[in-house]
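A.B. asks: got a structure for you, letters missing:
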């Protein structure tokens, strides 16, 4: 289903947007808080530079807003509409969801942002 060459593959795995061969991050676990933002400088497989310019990933803040809203809506639907929790319990579940998934939201946002500007290159994947 998720194969190399698909933007969704790169977004969900955090792999190089150009060759999909290795992770962009120094540590794949987003819950390793001290290294949440630590990225490789370049892909060792295709030599793609991840930080295109010094403030490149500031644009990911706008994406993280949308991704955060999606997580909050999912928490609302599950707790209020499916489980039928009270409004207070629903609010608390949304806050807890946002706190727990913050590292995932940050990483997903960065992955989406870089994949907007870079495309998969089958030739880069072969080299």
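C.D. replies: Thanks, I have the structure now. Predicted model only: the values in this text are computed from it and were never measured. Residues are numbered from 1 along each chain as shown.
A.B. asks: ok, residue 97 - how many residues close by?
C.D. replies: By other CB atoms under 10 Å, the residues close to residue 97 number 19. From N, CA and C alone the C-beta is placed, and that goes for glycine too.
A.B. asks: now it. Nearest residue, chain neighbours left out?
C.D. replies: Leaving aside its sequence neighbours, residue 97 sits nearest to residue 75 (CB to CB, 6 or more residues apart in numbering; 3.9 Å).
A.B. asks: which helices and strands sit right next to the strand or helix carrying that neighbour?
C.D. replies: According to DSSP states H and E, residue 75 maps onto helix 60-76. Under the contact criterion of 3 or more CB pairs under 8 Å, 6 or more residues apart in numbering; DSSP states H and E, helix 60-76 touches helix 87-100, helix 102-117.
A.B. asks: what's the closest of the ones you listed to residue 67?
C.D. replies: Shortest distance between residue 67 and the helices and strands packed on helix 60-76, using CB to CB, is found for helix 102-117: 5.1 Å.
A.B. asks: next, the angle helix 87-100 makes with the closest one.
C.D. replies: 60 degrees (axes from the mean of the first three to the mean of the last three CA atoms, to 10 degrees).
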